[in-house]
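Asks: fold the following and give me the result.
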Amino acid sequence: MAADERGTVSTRASLVAGMQAGVEDRWAEFCQVYGPVIRGFALKAGLTETEADEVAQETSIAVARHVREFRYDPKACRFKTWLLNQAGWRVKDALRKRRRWDDRVHRSGPEPGEGSDDGQTATIERVSNSGAEELEKLWDQEWEGGLFRRALETLRPKLSAKQFQVFDLYVRKEWPVSEVALALGMSVPAVYLMKHRVAAALKREIAIQKKRWD
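Replies: Okay, here's the model as predicted:
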């Protein structure tokens, strides 16, 4: 096993071991890294902001109760998968509560002026019908988004203001390259080159984050 791989595995194992031992710093690290992923996952599943906050809180409580039962062995069960199970159960509970509420509303009739969020309902129906497979897909999407955000946060202090502006405007906000060049007083080839260098550095950082937390 390569040295960097040993280090990242050790990081994940030490995080779990620290949580099992009740080390406050490890719990703070867990909340910082995984809290936004759990909340974003709940939102993608069709929950409201309030419901997603509740799921994130309930999942953290469940992890605190059951983490001592988890045995760290990436070959048997990755921590990412175990955490998906913990979050997925809470999301399903929230969706079931929503469905029971909707059934009661349909039986009694909606209040005047009360409507539904078609996009949210569609997501809920999709999750309810396909179950675990759909939840896993949503979880992976949010997980990858979390890796990207953490990688960018780590890389940003190493970038110049102009490098970050190029990446933000050209890649994240999808401005045409000519508009980026005009706004930043650069040539088009210079924008391309700077974007390529930042993207390459970000790709390397995402790989590091993936080894560390995946």
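
Asks: contacts only, for Arg65.
Replies: For Arg65, the contact set (Cβ atoms under 8 Å, 6 or more residues apart in numbering) is empty. In short, each C-beta sits where N, CA and C put it, glycine included.

Asks: which helix or strand contains it?
Replies: helix 49-66 (DSSP states H and E).

Asks: which helices and strands does the helix or strand harbouring Leu147 pack with?
Replies: Using DSSP H and E, Leu147 sits within helix 132-155. Here helix 132-155 touches helix 24-44, helix 79-108, helix 118-130, helix 188-213, going by 3 or more Cβ pairs under 8 Å, 6 or more residues apart in numbering; DSSP states H and E.

Asks: these: lowest mean pLDDT?
Replies: Set side by side, the helices and strands packed on helix 132-155 give their lowest mean pLDDT on helix 118-130, at a mean of 48.

Asks: tell me the contacts of the residue nearest the centre of the chain?
Replies: Nearest residue to the geometric centre of the chain (Cα atoms, centre = their mean): Val37, 3.0 Å. Applying Cβ under 8 Å, 6+ apart to Val37 gives the contacts Glu142, Trp143, Gly145, Gly146.

Asks: same thing but at 6 Å, please
Replies: Val37 makes contact with Glu142, Trp143, Gly146, according to Cβ atoms under 6 Å, 6 or more residues apart in numbering.

Asks: could you report the neighbour count for Phe167?
Replies: 23 (other Cβ atoms under 10 Å).

Asks: can you give me the neighbour number for the closest residue in space to Glu136 that isn't next to it in sequence?
Replies: The spatial neighbour of Glu136 that comes closest, neighbours along the chain excluded (Cβ to Cβ, 6 or more residues apart in numbering), is Leu84 at 6.6 Å. Applying other Cβ under 10 Å, we find 22 residues neighbouring Leu84.
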